[in-house]
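>>> Just to be clear, the model below is a prediction. Sequence and coordinates:
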Amino acid sequence: MTYLVNGLYIVAFGMFIYGLMGLTGPKTAVRGNLIAAVGMFIAVVATLISVRHTSNWILIIAGLVVGIALGVPPAKFTKMTAMPQLVAAFNGVGGGTVALIAWSEFINSQGFSHFDEEPTVHIVVGSLFAAIIGSVSFWGSLVAFGKLQEILPGRPIGLGRLQQPLNLLLLVGAIAAAVVIGVGATNDGVSQVWMIAVLVLAGVLGLAVVLPIGGADMPVVISLLNALTGLSAAAAGLALNNTAMIVAGMIVGASGTILTNLMAKAMNRSIPAIVAGGFGGGGTAPGAGGDGEAKQAKATSAADAAIQMAYANQVIVVPGYGMAVAQAQHAVKEMAALLEAKGVEVKYAIHPVAGRMPGHMNVLLAEAEVSYDALKEMDDINGEFSRTDVALVIGANDVTNPAAREDASSPIYGMPVLNVDQAKSVIVLKRSMNSGFAGIDNPLFYADHTSMLFGDAKKSVGAVTEELKAL
């Protein structure tokens with residue numbers, strides 16, 4: 001039976017890796033996701049086979065039923081705009097589960113149940129590591145979810161200069177409590193109290209680390225917490241001697257670390273700087289010209305926007321979170337088709353962190369069956385803006401902000417952005433003049449060659465499409 005279980009685990013691992021490879025492109029992403037899901041099903045079956053002698057089948061079946069009931073509806077009905085929140089919630093559940101598993105295994109290894117053997121080093125160390133990281137991930141993910149869902153303020157919430165010393169104190173306290181347990185300096189009853197102290201201190205650390213981080217950095221934080229959850233799962237796998245948890249945890253940890261690093265580079269920010277917090281979600285500054293006087297944005301109409309684009313040689317569409325909120329991708333596809341029928345070349349400029357997570361815009365546009373060849377990454381499209389007649393910005397704020405290139409005092413200075421301001425004409429679709437997710441005003445909106453088309457993006461694009469049909 002051991003050979004069967006190990007064989008099923010190997011098949012599951014292969015499907016995890018093959019499925020992950022499929023996620024590298026929109027054409028294979030759905031298939032890759034299904035393959036990885038089947039691999040997880042096989043891993044669960046193998047685990048159930050390995051515990052065939054247990055007397056707790058009722059609890060196991062109840063857990064599976066509850067998990068399916070709680071997991072399927074959110075995954076099925078959550079809109080793309082709320083996908084980062086869903087990722088944060090699922091990641092938090094994973095981290096919390098690992099922490100509870102670590103606690104349970106610790107209780108078992110200390111003789112609080114039918115296990116009477118002396119706990120080995122890998123059980124103790126694995127359980128303690130999993131408890132700390134899992135607890136940090138759970139509580140940190142809850143804060144990330146709250147900020148993205150706007151249950152909590154998006155602005156940094158912290159103690160200023162005291163925040164980092166507090167975080168360090170909590171980390172040292174959690175590690176110290178773990179060391180006390182690890183060296184066996186207490187009896188079983190007292191060590192249980194120390195284990196609870198580990199979980200509590202790590203949980204408070206998770207809250208204390210994520211609360212001071214602004215909303216603009218939340219996608220990076222979610223990716224980082226996801227990587228930590230993977231590592232904690234691998235550690236718990238060591239404690240349980242469960243190969244599936246070790247391999248799956250390492251895959252999640254490695255991929256999450258790579259993604260976190262790529263996102264941080266796209267924002268020109270280091271991961272330590274992001275964890276230090278204090279950026280994003282602040283107040284907005286009024287638009288100002290070179291003389292420091294406030295400037296006013298120019299409003300336009302759907303008819304004027306349609307005329308500008310109809311007689312252009314090239315139009316670049318810059319999608320952002322506003323397009324996702326309005327679910328305007330299908331309307332954008334229809335508008336682009338009309339422009340192309342008039343001989344206008346239409347391209348789409350995709351910033352790595354446009355929306356709320358990497359690939360957010362790619363998925364939305366792929367859903368509307370926009371040709372993947374028309375989607376251009378930032379490095380490939382930036383040189384095109386100076387030769388572009390009209391740049392149509394749909395709810396993209398921070399990733400089009402020229403202050404990132406020109407204003408050394410800006411919080412996003414140095415962040416790579418789309419060179420939208422270099423286009424001959426810029427049309428921005430927004431509901432209002434409110435700032436983007438980073439809470440920073442965008443001088444592009446007040447430029448002489450920029451005009452604002454206010455309103456819901458889907459309705460605005462639909463109005464432009466009707467005007468194009470009349471031309």
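Looks like it came in fine.
>>> Work out for me the element residue 130 sits within.
Using DSSP states H and E, residue 130 maps to helix 121-148.
>>> Which positions within that helix qualify as buried?
Using 16 or more other C-beta atoms under 10 Å as the test for burial, helix 121-148 gives 123-148. To be clear about C-beta, it is placed using only N, CA and C from the backbone, and glycine gets the same treatment.
>>> And stretch 195-208, by the same measure?
Those would be 195, 197, 198, 199, 201, 202, 203, 204, 205, 206, 208, for stretch 195-208 by 16+ other C-beta under 10 Å.
>>> just how off-centre is the lowest-mean-pLDDT helix or strand in the chain within its chain?
Lowest mean confidence among the helices and strands of the chain (mean pLDDT, DSSP states H and E): helix 271-276, at a mean of 77. From the chain centre to the centre of helix 271-276 is a distance of 16 Å (C-alpha atoms, centre = their mean, to the nearest Å).
>>> How about residues contacting that helix?
Under the contact criterion C-beta atoms under 8 Å, 6 or more residues apart in numbering, helix 271-276 has outside partners 164, 209, 212, 213, 217, 220, 221, 224, 260, 261, 264, 279.
>>> Can you name the next helix or strand after the helix holding residue 130?
Using DSSP H and E, the first helix or strand after helix 121-148 is helix 163-182.
>>> got the angle between that next one and helix 121-148?
Counting by axes from the mean of the first three to the mean of the last three C-alpha atoms, to 10 degrees, helix 163-182 lies at 150 degrees to helix 121-148.
>>> quick one, the next helix or strand after helix 163-182 and helix 163-182 angle?
Sequence-wise, the next helix or strand downstream of helix 163-182 (DSSP H and E) is helix 188-210. Going by the same axes, to 10 degrees, helix 188-210 is angled at 160 degrees with respect to helix 163-182.
>>> How far does whatever helix or strand comes next after helix 188-210 sit from its chain's centre?
Per DSSP H and E, helix 188-210 leads on to helix 218-240 as the next helix or strand towards the C-terminus. Relative to its chain's centre, helix 218-240 lies at 14 Å (C-alpha atoms, centre = their mean).
>>> what packs against helix 218-240?
helix 83-109, helix 121-148, helix 243-266, helix 271-276 (3 or more C-beta pairs under 8 Å, 6 or more residues apart in numbering; DSSP states H and E).
>>> any idea of the pLDDT on residue 292?
Looking at residue 292, its pLDDT reads 47.
>>> So what touches stretch 351-360?
26, 80-81, 83-84, 87, 148, 218-219, 222, 259, 262-263, 266-267, 318-321, 324, 361, 364, 377-378, 396, 399, 417-418, 437.
>>> With just CA atoms, put it into PDB.
Extracted as PDB, the C-alpha positions of stretch 351-360 are listed here (Å, rounded to 0.1, in the frame of the first residue of the first chain):
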ATOM      1  CA  HIS A 351       1.500  47.300 -17.300                       C
ATOM      2  CA  PRO A 352       2.800  44.400 -15.100                       C
ATOM      3  CA  VAL A 353       0.900  45.600 -12.100                       C
ATOM      4  CA  ALA A 354      -2.200  47.100 -13.800                       C
ATOM      5  CA  GLY A 355      -5.300  46.200 -11.900                       C
ATOM      6  CA  ARG A 356      -4.900  44.500  -8.600                       C
ATOM      7  CA  MET A 357      -2.700  41.500  -9.500                       C
ATOM      8  CA  PRO A 358      -0.300  40.500 -12.300                       C
ATOM      9  CA  GLY A 359      -2.200  39.300 -15.400                       C
ATOM     10  CA  HIS A 360      -5.400  41.000 -14.300                       C
END
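>>> quick one: that stretch to chain centroid distance?
9 Å.
>>> Just the buried positions in it, please.
Neighbour-count burial for stretch 351-360 flags 351, 352, 353, 354, 355, 356, 357, 358, 359, 360 (criterion: 16+ other C-beta under 10 Å).
>>> Domain ranges for this structure, per the record?
Using automatic domain parsing, the domain parsing of the chain gives 1-77, 88-276, 302-470.
>>> any chance of the ones you listed in TSV, plus distance to residue 296?
Output for the domains of the chain, formatted as TSV (distance: least, C-beta to C-beta, whole Å):
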stretch	distance to residue 296
domain 1-77	40
domain 88-276	26
domain 302-470	7
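>>> lowest-confidence stretch among the ones you listed?
Among those, domain 88-276 scores lowest, at a mean of 84.
>>> start to end distance for it?
End-to-end span of domain 88-276 (C-alpha to C-alpha, to the nearest Å): 20 Å.
>>> go on, stretch 340-348?
13 Å.
>>> what distance separates it from the middle of the whole chain?
32 Å.
>>> contacts for that stretch?
In contact with stretch 340-348 (C-beta under 8 Å, 6+ apart) are residues 309-310, 312-319, 336, 339, 361, 365, 370, 374-376, 381, 384, 468, 471.
>>> before we move on, back to that, tabulate the helices and strands packed on helix 218-240 (JSON lines), appending distance to residue 442.
Output for these, formatted as JSON lines (distance: least, C-beta to C-beta, whole Å):
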{"stretch": "helix 83-109", "distance to residue 442": "22"}
{"stretch": "helix 121-148", "distance to residue 442": "21"}
{"stretch": "helix 243-266", "distance to residue 442": "18"}
{"stretch": "helix 271-276", "distance to residue 442": "21"}
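>>> Check the gap between the residue most central in space within the chain and residue 353 for me.
Residue closest to the mean C-alpha point of the chain, counted by C-alpha atoms, centre = their mean, is residue 219 at 3.7 Å. From residue 219 over to residue 353 the distance is 7 Å, taken as C-beta to C-beta, to the nearest Å.
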